[in-house]
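In: below: sequence and its predicted model.
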Amino acid sequence: MNDKITFAGTDLLLVIDVQNDFCPGGNLAVPHGDEVVAHINRIAGRFAHVVLTQDWHPAGHQSFASSHPGKRPFDTAELDYGIQILWPDHCVQGTSGADFHSALQVPRAELVLRKGFRAAIDSYSAFYENDRKTPTGLAGYLRERGIGRLFLAGLAFDFCVRFSAEDAVRLGFAVLVIEDACRGIDVEGSMAATRRSLSGLGVQCLTGDVIA
Ligand code: VGL
Ligand code: ZN
């Protein structure tokens, strides 16, 4: 059993990409992705601060397989910044697929951070785009607000949650992942690789029952 968490005013819940396209019926459905919603709704009230991220791509984004003739979803392509997995079109700006899941109830969220809006660069992490250099501004926002510890939840565990957690550690935040409030895609062992990476970085994975 995990011990109950003692919260500080400098803790923040970072909810990653709980959007229709990542839920069953969506264009890039994460298996059981909608199951994170109830977990997140239940724990969000325990946090003094909540931030949501929203994957937010222009039509024709370079991470879409449809932008690369002859390629199919889950193929890879060499982009300016390196190898990129190609995805089905998803989370296109202004579409219902980009909307948050309608049952997500986090009215106290203080910021919605949109990412992936540059046509030529994907952005898994809430902190840096996939060139690993272009900041989203979130680190500055959190530092100015005196946030020290981040609890992560959302979709997908092995992409946007993983990259966000790894960057947050490198940026000096304490990071915990609420694992039962995440679901993953699992592309070629990416779930196991995520667990290895997070444990190597000292990121604690816990379950929501120690919070709610
Ligand atoms: C994500 C793939 C492409 C995610 C976003 O939210 O994990 N994955 N865009
Ligand atoms: Zn995306």
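Out: Thanks, I have the structure now. Residues are numbered from 1 along each chain as shown. Ligands and ions are numbered 1, 2, ... in the order given.

In: number of residues surrounding residue 143?
Out: 13 (other CB atoms under 10 Å). All C-beta spots, glycine's among them, are computed from the backbone N, C-alpha and C.

In: so is it in a helix, a strand, or just coil?
Out: Following DSSP: H, G, I helix; E, B strand; the rest coil, residue 143 is assigned to helix.

In: that one and residue 137, how far apart?
Out: Remark: distance between residue 143 and residue 137 (CB to CB, to the nearest Å) = 11 Å.

In: find the residue closest to the residue of the chain found nearest ligand 2 in space, skipping its chain neighbours.
Out: Ligand 2 sits closest to residue 55 of the chain, with a gap of 4.2 Å, by CB to the ion. With sequence-adjacent residues excluded and distances taken as CB to CB, 6 or more residues apart in numbering, residue 55 is closest to residue 91, at 4.0 Å.

In: and that neighbour, what pLDDT?
Out: Predicted confidence (pLDDT) for residue 91: 98.

In: how about the contacts made by residue 169?
Out: Residues in contact with residue 169, defined by CB atoms under 8 Å, 6 or more residues apart in numbering, are 175, 201, 202, 203.

In: who does residue 128 bridge with?
Out: residue 135 (DSSP bridges).

In: can you check residue 13 too?
Out: For residue 13, the beta-bridge partners under DSSP bridges are residue 50, residue 151.

In: ok, it - contacts?
Out: For residue 13, the contacting residues are 40, 43, 44, 47, 49, 50, 51, 150, 151, 153, by CB under 8 Å, 6+ apart.

In: now, which of those sits nearest residue 188?
Out: residue 153 (24.0 Å; CB to CB).

In: chain neighbours aside, what residue packs nearest to that closest one?
Out: residue 181 (3.6 Å).

In: pLDDT at the one you found, what is it?
Out: 98.

In: that one contacts residue 209, doesn't it?
Out: No: the pair residue 181 / residue 209 is not scored as a contact, 10.8 Å apart, by CB atoms under 8 Å.

In: may I have the phi/psi pair for the residue lying farthest from the centre of the chain?
Out: Farthest-out residue of the chain from its mean C-alpha position, per CA atoms, centre = their mean: residue 70, at 28.7 Å. Dihedral pair for residue 70: phi 90, psi -10, per degrees, to the nearest 10.

In: any idea of the pLDDT on it?
Out: 97.

In: ok, back up a step: for the residue of the chain closest to ligand 2, the count of nearby residues, please.
Out: Neighbourhood size, residue 55 [other CB under 10 Å]: 30.

In: in the sheet, who's paired with it?
Out: With DSSP bridges as the rule, residue 55 is bridged to residue 115.

In: then residue 84?
Out: Residue 84 has these beta-bridge partners by DSSP bridges: residue 77.

In: now do the contacts for residue 185.
Out: 28, 30, 31, 156, 158, 159.

In: same question for residue 62.
Out: Neighbouring residues of residue 62 by CB under 8 Å, 6+ apart: 77, 79, 84, 119, 120, 121, 122.

In: give me the nearest residue to residue 202, chain neighbours excluded.
Out: Nearest non-adjacent residue to residue 202, counting by CB to CB, 6+ apart: residue 169, 7.2 Å away.
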